[in-house]
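**Student:** predicted coordinates and the sequence they were generated for:
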Amino acid sequence: LQRNQRFVSRMVAADPRTLEVLARAQKVAALDTTILLLGETGVGKEQFARYIYENSARARQSFIGINCGAIPASLIESELFGYERGAFTGAVKSKPGMFELANHGTLLLDEVGELPRALQPKLLRALQEREIIRVGGISTIPVDVRLIAATNQDLEAMVEGGTFRRDLYY
């Protein structure tokens with residue numbers, strides 16, 4: 001990467017370390033794989049996620065970002081996976097979740113370390129099997145989503161402490 005090179009994401013950088021990270025992001029953008037971005041609050045993890053998305057084969061598809069820490073634990077499952085009519089009080093019609101809305105595109109799970117432990121197996125299944133089940137649903141829905149997860153938390157320590165699943169971390 002050259003200092004004056006223009007990026008689709010309009011990121012501007014002159015710092016050698018930032019340019020190195022952008023070069024790495026450019027490489028992983030070409031790979032259609034799940035990505036975990038780690039870094040302190042305010043370092044631009046969401047901007048790097050958008051950069052990866054904009055330089056990927058999925059750039060013409062949707063990019064949906066969701067902050068896992070900003071959604072109450074009681075609602076996160078229905079936000080991610082959707083729900084069927086009658087699944088709970090107030091569910092008067094079915095609603096697709098973020099995985100369905102991001103189908104063929106990219107889904108950013110910001111603050112992924114905030115996901116409730118009980119929801120982590122369902123996320124793992126979505127990643128491994130490329131299918132989801134809505135809350136209250138009985139049939140699987142295929143999804144083709146590239147997941148980018150981001151956090152400022154020490155996931156390795158969370159795995160050792162039992163608050164984050166080892167298999168999901170890997």
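**Tutor:** Sure thing, it's come through. Note that this is a predicted model, so its numbers are computed, not measured.

**Student:** only C-alpha atoms for contact and neighbour calcs from this point on.
**Tutor:** OK.

**Student:** can you show me the strands along this structure?
**Tutor:** Per DSSP state E, the chain carries strands over the ranges 35-38, 63-67, 106-110, 131-132, 141-142, 146-151.

**Student:** looking at those strands, spot the one closest to residue 159.
**Tutor:** Each of those was checked against residue 159 via C-alpha to C-alpha, and the shortest separation belongs to strand 146-151, namely 13.8 Å.

**Student:** could you give the mean pLDDT of the helix ranked longest in the chain?
**Tutor:** Using DSSP state H to define each element, the chain has its longest helix at helix 16-29. Mean pLDDT, computed over helix 16-29, is 89.

**Student:** what's in contact with it?
**Tutor:** Residues from elsewhere that reach helix 16-29 (C-alpha atoms under 8 Å, 6 or more residues apart in numbering): 1, 3, 13, 48, 51, 52, 53, 55, 56, 57.

**Student:** flag the shaky bits of the protein, pLDDT-wise.
**Tutor:** Across the chain, the stretches falling below the confidence threshold (pLDDT under 70) are 1-10.

**Student:** in it, which spans are helices?
**Tutor:** Taking DSSP H as the test, the helices found in the chain are 16-29, 45-54, 73-81, 98-101, 120-129, 155-161, 166-169.

**Student:** what residues of the first one count as buried?
**Tutor:** The one in question is helix 16-29. Residues 19, 22, 25, 26, 28, 29 are the ones in helix 16-29 that count as buried (16 or more other C-alpha atoms under 10 Å).
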